[in-house]
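# I need the structure of the sequence given here:
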Amino acid sequence: MIFKKQIQSGNRPKSSCSTMSGHRRVKCYLARLEDHLKETRQKYPQLWALSDAEFRVDRFEALHASTFHHIWYYLESRIDFDGSEELGRYFIRTIYANLCVVCRDWMNTPAGLGKSDKRQVLLSVYDAAPLAEEFAEVGWDDFKITDKEVKRKKPKVSVKDILARSFKAVAPPPRSASGDIC
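A predicted model of the protein is given here:
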């Protein structure tokens, strides 16, 4: 199955992040990306002056597993970046690099001068990037899915069975003067 068709059809593997609303997850992701880029700007100011194309290439080449798992924190126990196929890593790196360029543009825009429009572009790129034609052949088999958080189903045990096996009264309950149990 082709990854793009899986995304469009909603056929995605279940993950621990599915319990978090999409909006909240994206907001956390973007905050982590922004923090990461602030740190990059502080440590390597020369990178901030690169053209978009140069910055995109630099970020593509710079992405490694720890940065991937820091930014896409909700995938840390789901996808093994280093264990994924070359096409899977290309997919992740390309999305990351392009989001870095758009996020840098948003961060460089002063408040009140179209900053909210740039944020909307950033959100749109986040949503649309996996559907780019360059990723037409990317499938889930290009990623090493770890599923460390798969919860084992507990067998259903009735309350009656639990009480019969594990609960024993020390003595019969006392009776009231009327003969009812107190």
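# from here on, contacts and neighbour counts on C-alpha atoms
Fine.
# so what does the host helix or strand of residue 58 touch, helix or strand wise?
Counting by DSSP states H and E, the element that carries residue 58 is helix 52-62. Under the contact criterion of 3 or more C-alpha pairs under 8 Å, 6 or more residues apart in numbering; DSSP states H and E, the helices and strands touching helix 52-62 comprise helix 86-108.
# Show me how far whichever helix or strand comes after the helix it packs on is from its chain's centre.
Elements were assigned by DSSP H and E; along the chain past helix 86-108, the next helix or strand is helix 115-128. On the basis of C-alpha atoms, centre = their mean, to the nearest Å, helix 115-128 sits 18 Å off its chain's mean C-alpha point.
# which residue is nearest the middle of this structure?
Most central residue of the chain, judged by C-alpha distance to the mean C-alpha position with C-alpha atoms, centre = their mean, is residue 74 at 3.4 Å.
# Can you check my assumption that that residue lies in a helix?
Yes: the secondary structure assignment for residue 74 places it in a helix, going by DSSP: H, G, I helix; E, B strand; the rest coil.
# any idea of the pLDDT on it?
Residue 74 carries a pLDDT value of 81.
# ditto for residue 16
Note on residue 16: pLDDT of 35.
# now do the one 5 residues further on
pLDDT for residue 21: 48.
# same check, this time on the one 5 residues further on
Among the per-residue scores, residue 26 holds a pLDDT of 70.
# how close does it get to residue 126?
Using C-alpha to C-alpha, to the nearest Å, we find residue 26 at a distance of 8 Å from residue 126.
# One more: residue 86?
Distance of residue 86 to residue 126, computed by C-alpha to C-alpha: 21 Å.
# Give the buried residues for stretch 93-109.
Along stretch 93-109, these residues count as buried under the neighbour rule (16 or more other C-alpha atoms under 10 Å): 93-104, 106-107, 109.
# what's the closest of those to residue 48?
When the buried residues of stretch 93-109 are ranked by distance to residue 48 (C-alpha to C-alpha), residue 104 comes first, at 8.1 Å.
# Surely the closest one is in contact with residue 36?
No: the pair residue 104 and residue 36 fails to qualify as a contact (C-alpha atoms under 8 Å) at a distance of 10.7 Å.
# low-confidence ranges in the chain?
Low-confidence regions of the chain, defined by pLDDT under 70, span residues 1-25, 112, 148-157, 179-182.
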